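Make a model of this:
(one chain, ligands or ions: 1)
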Amino acid sequence: MGTKEVDVLIIGGGPAGLTAGLYASRARLNTVILEKGRHGGQIATTQVIENWPGTLKAGGAELTDQMAEHARRFGCQIIKDEVVEVDFSGYEKVVKTKKQDTYVAKAVIIASGAEPRVLGIKGEREFRGRGVSYCATCDADFYTDASVVVVGNGDAAVEEAIYLTNFAAEVTLIVIHDEGILDATKVIQERAFANPKLKFKWNSVVEEIKGDEAVTGVVIRNIKTGQLEELPTEGVFFFVGTLPNTSFLQGKIEMDARGYIKANDMMETSVEGVYACGDCREKFLRQVVTAAADGAIAAMAAEKYIREEEFFRQEVLQQEKPVLLVFWSPMVEASLPVVADAEKLQEKWGDKIKVTKIDTYRNTKVARRYGIERVPAVLLLRQGQVVAQIRELEGEEMEKALSSLIS
Ligand SMILES: Cc1cc2nc3c(=O)[nH]c(=O)nc-3n(C[C@H](O)[C@H](O)[C@H](O)COP(=O)(O)OP(=O)(O)OC[C@H]3O[C@@H](n4cnc5c(N)ncnc54)[C@H](O)[C@@H]3O)c2cc1C
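Down below sits the predicted model:
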């Protein structure tokens, strides 16, 4: 129990979090990953991964062990603990854990992932990774020329079933509805009905998954007649939804209706200094390679944020002298003479004033924070507070306008 200060606190030790940990610690930031279970995330539960570029085949746990080792080599700490509460309201982000530790971080990276919705059918847990799958993109190849069963009938389920027909000899969709009714959109339904490899079991649910070393069949129940039927199969794919691990963030950050975190292409969330990466964020493709890429981006964006914030705090917010904040951009020619004039003032009034230039092309955050929409713009700050916007931006006029304000 205690309070620890870190530069970057990462929530979740799956591929996204581990990659973020590697990049952040390699950037010489004091970095901690909090992982509630065993590091590795969802992929650690799968026996083989075949689409991690450069590695033809690897065990999921083996691959993520290497990711963890790699991050640790650069000084990243991986601590087993669950995040239960966050406070993102101040500059310092506060994260509380189940073991009652408190972490105070300059930046937080959320990499808490997602989980496929589990139905809890007999055998589902036991055969996970041994015939029970939640990801066709990941596992379809293992079922080349085999018979597989798909559970679900929404867009994802039907699309994945169609995808599986490129590999399997036969794909049977287990559908709870009456014959001909699918929840998938019309165009997907039409493609499904036109696919000769796709079969349907209507009014049916899976009652049990059977097997020995691996899956050998499923017992399905007709919900109208109650009749049980055993269907031999080598694979059972469930597509009944995915749940993001974001409940501990409710109300703290912007999410979509399903609980996925909204983040832009720099992984920035609705809160400054808080980033989201991997499966927990709203995105198109949830895979190890995209999670790792997100993690790298989040860490680099967090590093940039921390460095800029530290510079800004020292140079501007904690500055004893009045600060002349000059917003400029190399892309806006008209802003260049203002920078030159401000520098001349710095030379002349070095004991009275501190001139700080903000390149809004590189540092959009500070400009946004001060509501600067176009450059050049000049603000005068005292003890971190804006006291005036200087409208006179030409040499002598600027000097005149300022001289009364700083005397
Ligand atoms: C069975 C299966 C097979 C798959 N096969 C493949 C494949 O072959 N190829 C492929 O590219 N992708 C595959 N995927 C998808 C891939 O696993 C995910 O896209 C990837 O793991 C996402 O990584 P992530 O780090 O974003 O999240 P996750 O892997 O979900 O990791 C998130 C981590 O955060 C931890 N966590 C959550 N909440 C907290 C909290 N409050 N405090 C602390 N820790 C927390 C979790 O315990 C977890 O370890 C598969 C997925 C499944 C389910």
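
quick check, residue 141 in a helix?
Yes: per DSSP: H, G, I helix; E, B strand; the rest coil, residue 141 lies within a helix segment.

if I look at residue 364, how far off is residue 339?
Applying CB to CB, to the nearest Å, the value for residue 364 to residue 339 is 18 Å. Where C-beta positions appear, they are placed from N, C-alpha and C, glycine not excepted.

who's more crowded, those two?
Taking other CB atoms under 10 Å, residue 364 and residue 339 do not tie; residue 339 has more neighbours (20 against 13).

Can you name the residues that contact that one?
326, 328, 357, 376 (CB atoms under 8 Å, 6 or more residues apart in numbering).

How about residue 2?
101-102.

Show me what it bridges to in the sheet.
residue 101 (DSSP bridges).

repeat for the one 4 residues further on
Residues in a beta bridge with residue 6, per DSSP bridges, are residue 105.

Quick one, grab the pLDDT at it.
pLDDT recorded at residue 6 is 98.

and the gap between the closest residue to the ligand within the stretch 51-200 of the chain and residue 13?
Nearest residue of the stretch 51-200 of the chain to the ligand: residue 113, at 2.0 Å (CB to the nearest ligand atom). Noted for residue 113: a distance of 9 Å to residue 13, by CB to CB.

Run a quick neighbour tally on the residue of the stretch 51-200 of the chain closest to the ligand.
26.

before we move on, what about the one 4 residues further on?
Applying other CB under 10 Å, we find 14 residues neighbouring residue 117.

Tell me how many other residues crowd the residue nearest to residue 273 when sequence neighbours are not counted.
Spatial nearest neighbour of residue 273, excluding adjacent residues (CB to CB, 6 or more residues apart in numbering): residue 107 at 4.8 Å. Look at residue 107: counted by other CB under 10 Å, it has 26 neighbours.

Let me know the pLDDT of residue 397.
Reported pLDDT for residue 397: 86.

Neighbours of the residue of the stretch 251-400 of the chain found nearest the ligand, how many?
Residue nearest to the ligand within the stretch 251-400 of the chain: residue 278 (2.1 Å; CB to the nearest ligand atom). Look at residue 278: counted by other CB under 10 Å, it has 35 neighbours.

Next up, the contacts around it.
Counting by CB under 8 Å, 6+ apart, residue 278 touches 12, 14-17, 41, 111, 113, 286, 290-291, 294-295.

do the same with residue 84
Residue 84 touches 96-98, 248, counting by CB under 8 Å, 6+ apart.
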